[in-house]
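Asks: Return atomic coordinates for the entry below.
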Amino acid sequence: MAHDCCSKKSDTLAELAAKKDQRRVLIVVMLINLAMFVAEFGGGVVARSSALMADSVDMLGDAFVYALSLYALHRGARWEAGAAMVKGGIILVFGLAIIAEIADKIVNGVPPSSTLMLAFGSMALVANLICLSLLWRFRRTNVNMSSTFECSRNDVASNIGVLMAAGLVAVTGSVWPDIVVGGVIALVFLRSAWKVLAEAIPAWRQTHLIPSGTLP
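Replies: Below you'll find the predicted structure:
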């Protein structure tokens, strides 16, 4: 009996410690994303780059995503699944917003500054690689942390796309690399939104099949 009690207490302490680690990491990556949104969006405006501005707005969205993850962290499976659903919706909205930006750029586009795209894109890539490395060990912890990791991985892919677009703009002097990479980023967002929602919606439904008093 005493052994069982100690074992359960040990499991509880281990779970609390894990949650504390998750909270600390989420706070760090949230602050990184907020700082990079300000820097990258300003750079995108000056550079006239749709891809750079879209990437920066995504970082603002991710900061909001991490705040949701923090809010859901100690509230059990139902809140974690609900937060993941909201995050999937946010990713979907940003994907559609980028498509609208691309349509406007096709009509009124001016070639962006490749030098500024390279500078701010590189800064964003370093920042997101740091976030991804911090989130790596939590990527399969639960649906909440899994969807958070998905957001961070999307950011790295977007940053690489921005750098590729910057190089092509420098070589060709055309607006089209910026447009094409923006389109690829939009497709990545839409795919990710589908993946996050496909995991979160069943998890949310499952929590409603379990009596509320038995939820963790």
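
Asks: State the distance from the one residue sitting closest to the centre of the chain to residue 50.
Replies: With distances taken as CA atoms, centre = their mean, the residue of the chain nearest its centroid is residue 151 (2.4 Å). As for residue 151, its distance to residue 50 is 20 Å (criterion: CB to CB, to the nearest Å). C-beta coordinates here come from the backbone N, C-alpha and C atoms, glycine included.

Asks: again, but for residue 82
Replies: Residue 82 is 32 Å from residue 50, by CB to CB.

Asks: again with residue 25
Replies: Distance, residue 25 to residue 50, by CB to CB: 31 Å.

Asks: Neighbour count: the two, which is higher?
Replies: residue 50 (25 against 21; other CB atoms under 10 Å).

Asks: how close does that one get to residue 20?
Replies: 40 Å.

Asks: Same check on residue 46?
Replies: Using CB to CB, residue 46 is found at 40 Å from residue 20.

Asks: Repeat that for residue 103.
Replies: Here the criterion is CB to CB. By it, residue 103 lies 45 Å from residue 20.

Asks: now for the helix or strand where residue 171 lies, which elements pack on it?
Replies: Per DSSP states H and E: residue 171 is located in helix 143-172. Applying 3 or more CB pairs under 8 Å, 6 or more residues apart in numbering; DSSP states H and E, one finds that helix 143-172 makes contact with helix 2-47, helix 50-72, helix 76-108, helix 114-135, helix 176-209.

Asks: Go through that helix and flag the buried ones.
Replies: Across helix 143-172, burial judged by 16 or more other CB atoms under 10 Å covers 143-156, 158-159, 161-166, 168-169.
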